[in-house]
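Enquirer: any chance you could fold what I've pasted below:
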Amino acid sequence: MGRFRIWLLAGCLLWFTGYAHADVQKGRLLLFNNGNPTSIGIVSAKAEFEASVRANPSDQQANFFLAISRILALMDNTAAYVPGLPVDNLRELLDLFGVSASGRDIFHWTAEFTKDGTGKRTIPNGAPSGPAIQQFLTSVVIPEINSAVGNLSVLTSTFNTILTAAETGDNRSIEVDYGDVLILKSALYTAKAFILFLCSYDLDADPIRLVEAIKSKLSNLHSNLFDLYPQFLKLLPAGKPGMQAAEDEALAAIDQYFAASTFIRGETDSQLDDLVTIDPDELDEEAHLRAQLTEVKQSILSGRTAAFTNQTGTKVWYVNLNHLFGTSAIQPPNIRALIPYFDAEGNIPTGTFPDTTLDGILVECTSEAKLVEYSPLDLPIVFPIPDRTMAMDGYDSDWQQVPSIPKVYFSSHSRSQDIEYVKVAKDQNYFYWMVRHVTPLQSGRYYYFGLSGDAADGRFNVSVNLQSTGTYSIWVWPAQTSYTGTSADYRIGTYFLEGRIPRSLLKQSGRLGLNYSASNWTAGYNTYMSDSAILATALLPIAEAGADQIVFDAVTLDGKAIYPTKRIISWEWSLRHRTNSSFNRTASGQSPTISGLKPGFYDVILTVIDDSGKTYTDTKVLVATGASAGIYTQEQLNQAVATERAKWDASGDGKIGLEEAIRALQVTSGMRED
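Expert: As a prediction, this is how the structure comes out:
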């Protein structure tokens, strides 16, 4: 009897494990579909793996494939949802953003956003804004990541599975082992850290306007976006705990990578068929990555600045990650307060970064030039061309008041380090340029100065050739005209040379690219600097009046200084009523409040003066509806204007149809009869 019970128990176990294995095998067939996986197959495979894990929670194969299918199944285009917020799944999110319903197979993606008559991608009205997307990420995506990590945590160092050639559709099999599992866990922790980071900040802005701002290269960013959404990109009330959680996930990702690296490096079998390998010639590079990740972890845990080096150890970058994630004594950064000013063309005027250290994160970036040197991105910084007449006399005394453009701002510059800086200026007749070298200028050299930009008839280039023997010539393309200068058009000093270009040869509209090179072919001397666009021809603004507004009978104006390094000593406001000048008003100060406004349109003119005596004006439109505060709140009016503005101002430049939009808003809301 006892033996019968033992065999019965053994039979049950064999049946049980056989059933679980059958589910895994069936799931694999559905998942891989003979090398042609589909989204529908992934969803069906997930159900099989879930059944297998329910039957045997310790089944490593089932847990591994369930973790994979959980993440892939987020792309399920057959999932049902209840229309309206909250967003239930990715299918609903894509529908709300107007992505075509067909072609959403993750392995054969052809779906696209809706396009307008000109072929440009558009986002429909009613598309969810940041909070709805953040809610979807935290309530739908993160739970799946957590469950996937839980499945992978069941696996041990003995885990191993072979993806056959029939499954992969390739001509060889692929081995997946515990090292690959750890890499996957590291990736999941990293994804979760990124999501928690995103969800720590206010992203509540009209997605249509946000996309238009990005498409326009962030042109007029403050008036087109920030002024309409005062809290956008600020840290949320729960942002600090969220950033601390993001930090925890980032540290977990690092730990998982270390474990994966150790496991993979310790493998003794052939690595030719492994999913993730470290080739022998990559060992040093991967060791450097481990060292950098160790520095990240130790700097966070010990509360110190991290020191990152290149692989040869010849350069060091210092970054304080504690200022990124925050600590008990340090707030995470207010991203909004760190964004520089973007002009109408999407350029960043030099000197407009509020904090080049990014709230203490980039420790050494105490100047804009240092930030440019650190940045992996090509920052679109432009320098204004001051109005000044320069004497071509070989002395730089008249250039002393003109700001220099150091070589670090150029997208590429010579390794010879012989160029110190460039200066430019202009008057009604000439464009002036000056380049200072580190070493004395010598005879026998050739100097080339070039400008390029956009004109009404397309791109143009102006090339200046200067030889130390005294030849100064200018060539203009595509006009294909030439200009032969005289000794009055240039001078060569001891360390610098200067020249001038007739303004009649320049037909630019917008910013200018600058190139400079010097060479001596016989002596092997060569130095150069080049950039696609670094000069701004227009006078750069000092302050902004803010976005257009619709109010009742009172308004608080809000002037914004653009240059943190400049001190504005005078703020003067003039409100000019368009139909009755007796309703005009004036005010002083950066943020004055004016009450008793009469209904109608006001042109608001802000005039500021900085401590150098420079004056600048900015304008906006203000609409007063009268004393109707009991009908609508100011917040409702502001949101209504933003909504109407998005409908009328399709380009997002803040210049088309705003008055009509406000007028339409007044009519539809009952504030106006016509």
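Enquirer: what about residue 269, distance to residue 179?
Expert: For residue 269, the distance to residue 179 (Cβ to Cβ, to the nearest Å) stands at 12 Å. Heads up, the C-betas are built off the backbone N, CA and C, glycines and all.
Enquirer: the nearest residue to residue 343 once chain neighbours are set aside: neighbour count?
Expert: Leaving out its chain neighbours, the residue that sits closest to residue 343 by Cβ to Cβ, 6 or more residues apart in numbering is residue 349, at 6.1 Å. Residues near residue 349, counting by other Cβ atoms under 10 Å, number 21.
Enquirer: same thing with residue 482?
Expert: For residue 482, using other Cβ under 10 Å, the count is 11.
Enquirer: could you look up the SS state of it?
Expert: Following DSSP: H, G, I helix; E, B strand; the rest coil, residue 482 is assigned to strand.
Enquirer: got the contact list for it?
Expert: When contacts are counted by Cβ atoms under 8 Å, 6 or more residues apart in numbering, residue 482 touches 473, 474, 475, 476.
Enquirer: thinking again about what came up before, who has more neighbours out of residue 269 and residue 179?
Expert: Legend: neighbour count by other Cβ under 10 Å for residue 269 and residue 179, higher for residue 179 (25 against 10).
Enquirer: looking at it, the more buried one is touching residue 271, isn't it?
Expert: No. Residue 179 lies out of contact with residue 271 (Cβ atoms under 8 Å); the separation is 9.8 Å.
Enquirer: now do the SS call for the residue lying closest to residue 293 once chain neighbours are set aside.
Expert: Nearest residue to residue 293, sequence neighbours excluded (Cβ to Cβ, 6+ apart): residue 254, at 5.0 Å. Under three-state DSSP, residue 254 falls in the helix class.
Enquirer: over to residue 151?
Expert: At residue 151 the chain is in helix, as set by three-state DSSP.
Enquirer: surely it meets residue 70?
Expert: Yes. Using Cβ under 8 Å, residue 151 is in contact with residue 70, at 7.3 Å.
Enquirer: list the contacts of the residue nearest to residue 343.
Expert: Counting by Cβ under 8 Å, 6+ apart, residue 349 makes contact with 340, 341, 343, 381, 382, 384, 536, 540, 541, 562, 563.
Enquirer: can you pull the pLDDT of it?
Expert: On the pLDDT scale, residue 349 is placed at 93.
Enquirer: again, but for residue 122
Expert: 87.
Enquirer: from residue 99, how far off is it?
Expert: For residue 122, the distance to residue 99 equals 11 Å [Cβ to Cβ].
Enquirer: now for those two: what residues contact both?
Expert: Common neighbours of residue 122 and residue 99, counting by Cβ under 8 Å, 6+ apart, are 113, 114.
Enquirer: residue 76: how many residues sit nearby?
Expert: 18.
Enquirer: now do the contacts for it.
Expert: So residue 76 contacts 39, 42, 43, 89, 90, 91 (Cβ under 8 Å, 6+ apart).
Enquirer: just the ones of the residues you listed in helices?
Expert: If you go by DSSP state H, those have 39, 42, 43, 90, 91 in helices.
Enquirer: the last one against residue 82, yeah?
Expert: When you say that, I think you mean residue 91. No. In terms of Cβ under 8 Å, residue 91 does not count as a neighbour of residue 82; the distance is 12.0 Å.
Enquirer: of the two, which one has the most company?
Expert: Each of residue 91 and residue 82 has its neighbours counted (other Cβ under 10 Å); residue 91 has more, 20 against 8.
Enquirer: who's in contact with that one?
Expert: So residue 91 contacts 76, 77, 78, 79, 81, 104 (Cβ under 8 Å, 6+ apart).
Enquirer: can you check residue 485 too?
Expert: Residue 485 is in contact with 472, 473, 474, 499, counting by Cβ under 8 Å, 6+ apart.
Enquirer: residues touching the residue nearest to residue 293, list them.
Expert: By Cβ under 8 Å, 6+ apart, the contact set of residue 254 is 186, 293, 296, 297.
Enquirer: report the central residue of the protein.
Expert: Central residue of the chain (Cα atoms, centre = their mean): residue 214, 8.8 Å from the mean position.
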